[in-house]
Every structure is written in C-alpha cells, then in structure tokens.
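>>> return atomic coordinates for the entry below.
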Amino acid sequence: MASEIGGGGVNGTWTRVVARARRFENVGLVLAAVVLGIAVPGPGRYADVLVTPLVVFLIYGSLRGITLANVEYGSYGLVILCSLVVSYLVLPFGGIRVADALLSGDALVGMAIVLAAPTTAGSAIIWTRLAGGDSELAAFASISSLGVAPLLTPAVLSALLDRRVAMPVETMVVDLLVIVGGGIALLVAIPDRLVSERLVDRGSGVAILLLIYSSIATVDVGAIDPASFGAVSLFVLLLLGGGFVLVRAIGSAAGLDRSTYLPLFFTGGLKNLGIALVIAFTYRSAMVVVVIVTYYVLQQLVGAVIVDVA
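Prediction:
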C-alpha cells in the first residue's frame, strides 16, 4: 500500500510538473527563435514573404475549435464591451502616459504598437480555462476584439503616436483585413475533421518560431540598449500587474465573480504577437521588435502566475 501511495504521489507530482512546463511551451519557442535569429540571421531576409500567411494561420489556429452555441449573448454583452474598452482604450491610453516617462524613441513606438493590437485569442482562452474562468466568454470577447481590429488598431495607434512617427495607415488596415479575414476564411473552409487539433497546435508552434525568427534576423539586435530593455521589462510587468488589479477592482465593484473578471483581464491585457509584428515590420527597428517579443513573453509568465494564484 505504501508503495502504491508513494508511486501515486510521485506520478501525480510529475504530472503537475509536466503540465506546468507545457504552459510555457510557446515562451520556450519564442526564446529559441530569438536565439536562432541572433545566431543565424542569414535566411531571415528571405522570410518576409511568409509573415502574413503565418499570422493568418495563427489566427485560424487560435479560433479553431471554438464553439459559441451556448454563449448567452445578452448577459455577456456588457462584459465583452468592458473587455474591448480595457483593450483598446484604458490599457493603451493609460499605459502610454506611463510609458512616456520611462521609454523613448523606438521603444515607445514598439510599446504603442503592442498596446494597440487586439487580444491574442488562443492564449486568452487557454489561460482563462486553466484559471477556472468562463472560456466561452473569453472566446467571444477574443473574436470580438479580432473583428474590430482592422478599424480600431490603426485608429488607436495613430492616437497613441500622435503624429510623432509616420504610419502607413492604409497599408495597416489592408494587412489587418487580410489577416483576420484570412484566418476566418480558413476556419470556414477547413472542416475540423480534416486536420487534427494536435497538428494545428504543432503548426502554430512552428509558425510562432518562424515569425519571431524572421523578425529578429532582419534587425540589428546588437544596437539594443540594455537599459532600455530593462525599462521595457519593468514597464510591462507594472502594466500587466496594474491591469489585473484594476480588473479585479472593477469585478468587485460590479459584483462579478472570478469566472467573469478573469476572462475580462486576459482578453483585455494579453496582446496578439503576430499582428503586432506585422505592423512592426514597417519600421525595421530592432527595439520595436524586441519590445513586442518582450511583452509577449512576460504576458505569458504573468498569465501563469495568475492561474496559480487563482
């Protein structure tokens, strides 16, 4: 009996360790791609043409398998509106005021891009589910964020940068329409039974790796100021931590339970890596790309901490 209990305990501990490690699978892919982009930048110059198809596939992968049949649209409407307000108004315009005091130049541009980006559907839904939140609410809020991105992301980014940096707004709108529309088109055109969930997950992992690799390989990483990188990291942690406290306070004031305010945070604060990088390619700046990648890595780490606490 003791052997069985001991074995069960060890097996249970190992299972929990593996499960926690898998939470950081995408973070590991990002870091590996960053290292590869620095060490072997040569082929990256030929990867530009793949960026848009890769992001289209990531949108498809994040939306695949989402079912909205049981969504209570009436009761979810106000929460989804709050999620959009947090994502496109409170976080960007509140965050950029603080960022102005800590960041400058390309670091500030990169932060403005990531703050103006829509939610990252896949991560928001997964973290909500792991934290015991309402994953259907997270799914619908994520789809809503992506749906309005072609209109709101360029408008918010223009307001955040306030003419300090020239922006190809028309090109940005077209790119976002192609990316979001392409992801939805794949979702409609490809029946789930034709492609396994495991294959889509692996394909999404490869897409993330290639996207980050091509982004890092085409910029001069050696020109990055370590002090600026440190300021970016500190700012992102303060922003996400403050965002969670704010959403928690809103939840308490409005009488929302955990299953509701958790997806409100994840869909409002976690930003889409692929779309942000597509916009960043316009600027060809190492710091812009680094800011976006740093935000992505730290938002995954913060998500894991919130899951453990929740």
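>>> and stretch 188-199, how far from the chain's centre?
What separates the centre of stretch 188-199 from the centre of its chain is 23 Å, taken as Cα atoms, centre = their mean, to the nearest Å.
>>> okay, how far is it across it, tip to tip?
Terminal residues of stretch 188-199 are spaced 18 Å apart (Cα to Cα, to the nearest Å).
>>> I figured residue 128 hits residue 261, correct?
No. Using Cβ atoms under 8 Å, residue 128 is not in contact with residue 261, being 10.5 Å away. The C-beta positions use only the backbone N, C-alpha and C, and glycine is treated the same way.
>>> who's more crowded, the two?
Taking neighbours as other Cβ atoms under 10 Å, residue 128 and residue 261 compare with residue 128 leading, 29 against 22.
>>> now do the same contact list for that one.
Residues near residue 128 by Cβ atoms under 8 Å, 6 or more residues apart in numbering: 134, 135, 137, 138, 262, 263, 266, 267.
>>> those, buried ones only, as a PyMOL selection?
Applied in PyMOL, the following selects the buried portion of the contacts of residue 128 according to 16 or more other Cβ atoms under 10 Å:
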select buried, resi 134+135+137+138+262+263+266+267
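>>> just the contacts of residue 128 now: which is nearest residue 94?
For the contacts of residue 128, the residue nearest residue 94 by Cβ to Cβ is residue 267; the value is 16.8 Å.
>>> name the nearest residue to the closest one, ignoring sequence neighbours.
What sits nearest to residue 267 in space, not counting adjacent residues and going by Cβ to Cβ, 6 or more residues apart in numbering, is residue 141, at 4.0 Å.
>>> closest to residue 193 among the contacts of residue 128?
Each of these was scored against residue 193 by Cβ to Cβ, and residue 135 proved nearest at 22.0 Å.
>>> quick check: the residue nearest to the closest one when sequence neighbours are not counted vs residue 262, distance?
Closest residue in space to residue 135, ignoring its immediate chain neighbours: residue 129 at 4.3 Å, by Cβ to Cβ, 6+ apart. Distance, residue 129 to residue 262, by Cβ to Cβ, to the nearest Å: 10 Å.
>>> try residue 198
Applying Cβ to Cβ, the value for residue 198 to residue 262 is 27 Å.
>>> shouldn't residue 270 be in contact with residue 122?
No. Judged on Cβ under 8 Å, residue 270 makes no contact with residue 122 at a distance of 9.5 Å.
>>> understood, closing this out.
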